[in-house]
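**Student:** Structure here, sequence nowhere to be found:
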C-alpha cells in the first residue's frame, strides 16, 4: 500500500461550485500534513498545513480525521484560477511522502 | 529574493554519460531534498540531507548520488544514467527537517531525458 493515496480525479466543476477530495495515509504516527498546489508540471507550492483537526484559509478548508487516517481539502466558491493539481503530503520521520495528486479543473 | 535554483532546467543526454544537476538555496535552510516526478506516481523522494555532510536515502535512491559539502548546495549526480531515469526532477529545501517545520520550497524543476 502506498504511504499516501489520492483520488486522481479529474474533478471538473463550474465556477462558484464547491469541490472536495480526500487523501488517505498509512502511517498512523504522522502528526502533520500538508496540501501543495502544482500548476502544469511547475514547482509545487504550499497551500495549507494541517496540524490538528483542521485548518481554514479563505475559501480553502482542510480537515484531518486521525481515526480513519485521511485528510480532506474543500474549495468553496471555485475560481478559474483554482484549476491545478493538489498534492497531499505526509512526513515520515525525516522523509516526505507525496500523493500522486488530485486534478481540479474549474470551467467558466 | 529567497529562492531555490536548479541547473540545467532541461537536459537531453545519452545512456551512461555521467551528469550532475545542481541545486542551490539562499535561505540558510538546513534540510534539502531531491524528488522525481513521473505521471501517475507523483513526487518520490530520492535523497535528503538534514545538514552539511548528513545525507540519507529516500524512497527511490537507486542510480543516484548526492553530496552536501556546503549548506546552500545539494547536487544530484547520475553516474550512469539510464532511460528509466527520464523524469522531472525537483530540488527542495526547508528550514529544518522536523515534523511541523516542513514547508518545502521547491526549485523550478529539471526535465531530464535519457536516450
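**Tutor:** Everything's here; your move. In this text the structure is predicted, and so the values were computed from the model without any measurement.
**Student:** where along chain B do the strands fall?
**Tutor:** B:4-7, B:10-13, B:19-25, B:31-38, B:42-51, B:54-57, B:65-66, B:76-78, B:87-94, B:105-106, B:110-114 (DSSP state E).
**Student:** Pull out the buried positions in the third one.
**Tutor:** Residues of strand B:19-25 classed as buried: B:19, B:21, B:23, B:24, B:25 (neighbour count, 16 or more other Cβ atoms under 10 Å in any protein chain shown). C-beta coordinates here come from the backbone N, C-alpha and C atoms, glycine included.
**Student:** Just the residues contacting it, thanks.
**Tutor:** Contacts with strand B:19-25, where a contact means Cβ atoms under 8 Å, 6 or more residues apart in numbering or on different chains, come from B:3-8, B:11, B:13, B:32, B:34, B:72-78, B:81, B:89, B:91, B:93, B:105, B:107, B:110, B:112.
**Student:** thinking again about what came up before, dump the buried residues of strand B:19-25 into TSV; add pLDDT and distance to residue A:83 as well.
**Tutor:** Formatted as TSV, the buried residues of strand B:19-25 follow (pLDDT from 0 to 100; distance: Cβ to Cβ, whole Å):
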residue	pLDDT	distance to residue A:83
B:19	97	34
B:21	98	29
B:23	98	29
B:24	98	31
B:25	97	29
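**Student:** Which among the contacts of strand B:19-25 count as buried?
**Tutor:** By 16+ other Cβ under 10 Å, the contacts of strand B:19-25 give B:4, B:6, B:11, B:13, B:32, B:34, B:72, B:74-76, B:78, B:81, B:89, B:91, B:93, B:105, B:107, B:110, B:112 as buried.
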